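S.K.: Here is my input, please return the structure:
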Amino acid sequence: MRTLHVGLRVANLESSIAFYTALGYEVLGEVPATEFGSLTMLKLPGDEFVSLELVIDPARRYLDPGGLNHLVISVDAIQERVARLAGEGFRAEPPSSPDDSKDFWTAWLTDPDGYRIELVQWPPGHPEGMTRADLMGQTK
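M.R.: Below is the predicted model of the structure:
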């Protein structure tokens, strides 16, 4: 089993596509006129599968991103990525290291609809995602 993708309801499809493609996502295609609205499917480079679905429904004028805490995206070269995003007009908090190391970095930004995005640059040799080893020593 694996999580296939996350669907985010958006207010303005064009600004959301601009934001997520600036992060590095690629648009794969659309599924128009579903019961949820129009769906735009995105994937990350090097991944053959859709991992993000942007949902727009003109009948829903109010969006409340409060139900989703945050979306986490693994990136290489976080300093350069945040600088590039800033150059494209997107605001991100400066990268910082959660464990005060020199090779594990995170940065936070907010998408056009208010969803919080955490960028993570794992240390060299770390698996592609969070594992049980990352949680060792954490309280239950």
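S.K.: Run through the residues that contact P98.
M.R.: F104, T106 (C-beta atoms under 8 Å, 6 or more residues apart in numbering). All C-beta atoms are positioned from the backbone trio N, CA, C, and that covers glycine.
S.K.: Would you confirm that it belongs to a helix?
M.R.: No - looking at P98 with DSSP: H, G, I helix; E, B strand; the rest coil, it is coil, so not inside a helix.
S.K.: Got the confidence number for it?
M.R.: pLDDT, P98: 87.
S.K.: same question, P65
M.R.: Note on P65: pLDDT of 65.
S.K.: ditto for G87
M.R.: For G87, the model assigns a pLDDT of 91.
S.K.: Quickly run through the sheet partners of the helix or strand hosting S51, with directions.
M.R.: S51 belongs to strand 50-56 when elements are defined using DSSP states H and E. Applying DSSP bridges, strand 50-56 is found paired with strand 6-9 (parallel), strand 38-43 (antiparallel).
S.K.: buried sites along that strand?
M.R.: Buried residues in strand 50-56, counted by 16 or more other C-beta atoms under 10 Å: V50, S51, L52, E53, L54, V55, I56.
S.K.: got it, and stretch 15-31?
M.R.: Within stretch 15-31, judged by 16+ other C-beta under 10 Å, the buried ones are S16, I17, F19, Y20, L23, G24, Y25.
S.K.: thought the first one was touching Y115?
M.R.: No - if you go by C-beta atoms under 8 Å, S16 and Y115 don't touch, sitting 9.3 Å apart.
S.K.: Which neighbours do those two have in common?
M.R.: Common neighbours of S16 and Y115 are listed as L8 (criterion: C-beta under 8 Å, 6+ apart).
S.K.: list the contacts for V72?
M.R.: Taking C-beta under 8 Å, 6+ apart, we find V72 in contact with I117, E118, L119, V120.
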